[in-house]
Structure formats: structure tokens, C-alpha cells
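Trainee: Build me a model:
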Amino acid sequence: RPQIDYQGVTIKNTILTDNANFLFIDLVIAPDAKPGKFDIRFVKDGKTKATYTYELKQRAHNSANRQSFSSEDAIFLLMPDRFAVSFAEMPLDVKNRISHRGRAVAKLVEYLKAESGERKAESGKRRAESGNNNSVRAYPRVRPTTSNL
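Mentor: I've put the predicted structure just below:
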């Protein structure tokens, strides 16, 4: 749980994410808050576990006259954090879905199945045209003799 001891700055809300490496902190900054650095302490069971030094910068001249929050200020997470789980920790099916080799092998399998299906269809068509519907082909047997070795 984050804590701040700085005049004019309070924590309004904290937002946990599915990824334990991220925490969003909404700060309320009073109009009379002075610029400066302060620590955000992360406290658990009454003990400070980590500290982050935050800088509240001096407002730029006439910045109060600018437009406030807009859609340009929003944070968009278009895709999940790819570092949430290391590649070694990922299940095999996930690895195969995202790896170049996995996708290449899937395409190869798809191609071979299609080719195999086309060959079977062509073979069946030739047999039908020749009137031979037997799927087993007979080959003459050749027994090795000294004359054909």
C-alpha cells in the first residue's frame, strides 16, 4: 500500500493490475502544492518495503490556461504485457502460437495436408478414368538372381 507525506499531495486511489509489476496511483495535487521531490513509500504490515522518489515539477508559465485532461492523456493498453510471463514459463501451445518457428511449422503442416488431399483426389480421378477402382496396386515381384544383381 503506497503512502505519501507531502503537503498538498494526497493519494486518491490505487489500481492493481493483473500483472503484479504494475500499480497505478491517482494523486490529488492541491493548487498550493509546492514543487519538490517526495517519497512514495510502499508499506506492508507496517514496514516500508520499497520507496520511489517522485518529483512534482514547477508549473510552466501560463500552464493553467491550457486544456486539461483529454483523450491524448489516456493510457491505452492495446496488447497484454509480453513480459508478464517469461518465454520459459509459457505453456507450449502459447509458445507455438507466437513463435516464428511454431507458425512456420503450422503453415507447413497445413500445406502438406492440402497437397496430400489434392494428390489423393488426383489419384482417385485417374483410377476412375482408367476404370481401375482398386486402391491397391500390384507390382511384379523380382527375385534376385545372379543374373539381375
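Trainee: Can you give me the neighbour number for Lys57?
Mentor: Neighbouring residues of Lys57 were enumerated by other Cβ atoms under 10 Å; the total is 8. Using the backbone N, CA and C atoms, a C-beta is placed for each residue, glycine as well.
Trainee: Pull the contacting residues for it.
Mentor: Taking Cβ atoms under 8 Å, 6 or more residues apart in numbering as the contact definition, Lys57 lies against Pro35.
Trainee: What separation is there between it and Phe38?
Mentor: 12 Å (Cβ to Cβ, to the nearest Å).
Trainee: which residues in the chain form strands?
Mentor: For the chain, strands defined by DSSP state E occupy the ranges 2-4, 9-16, 23-29, 36-44, 47-56.
Trainee: Alpha carbons of the last one, as PDB, please.
Mentor: Output of strand 47-56 as PDB, limited to C-alpha atoms (Å, rounded to 0.1, in the frame of the first residue of the first chain):
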ATOM      1  CA  LYS A  47       7.100  -1.800   7.300                       C
ATOM      2  CA  THR A  48       8.400   0.100   4.200                       C
ATOM      3  CA  LYS A  49       9.100  -2.500   1.600                       C
ATOM      4  CA  ALA A  50      10.100  -0.100  -1.200                       C
ATOM      5  CA  THR A  51      10.400   3.600  -1.900                       C
ATOM      6  CA  TYR A  52      10.000   5.600  -5.100                       C
ATOM      7  CA  THR A  53      11.100   9.300  -5.300                       C
ATOM      8  CA  TYR A  54       8.600  11.400  -7.200                       C
ATOM      9  CA  GLU A  55       9.200  14.900  -8.400                       C
ATOM     10  CA  LEU A  56       6.500  17.400  -8.500                       C
END
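Trainee: Start the count at 52 instead of 1 going forward.
Mentor: Shifting the count to begin at 52 puts that one at strand 98-107.
Trainee: tell me what it is packed against?
Mentor: If you count contacts as 3 or more Cβ pairs under 8 Å, 6 or more residues apart in numbering; DSSP states H and E, strand 98-107 packs onto strand 87-95.
Trainee: which parts of the strand it packs on are buried?
Mentor: Judged by neighbour count (16 or more other Cβ atoms under 10 Å), strand 87-95 contains these buried residues: 89, 91-92.
Trainee: Flag the shaky bits of this protein, pLDDT-wise.
Mentor: Across the chain, the stretches falling below the confidence threshold (pLDDT under 70) are 120, 122-138, 169-200.
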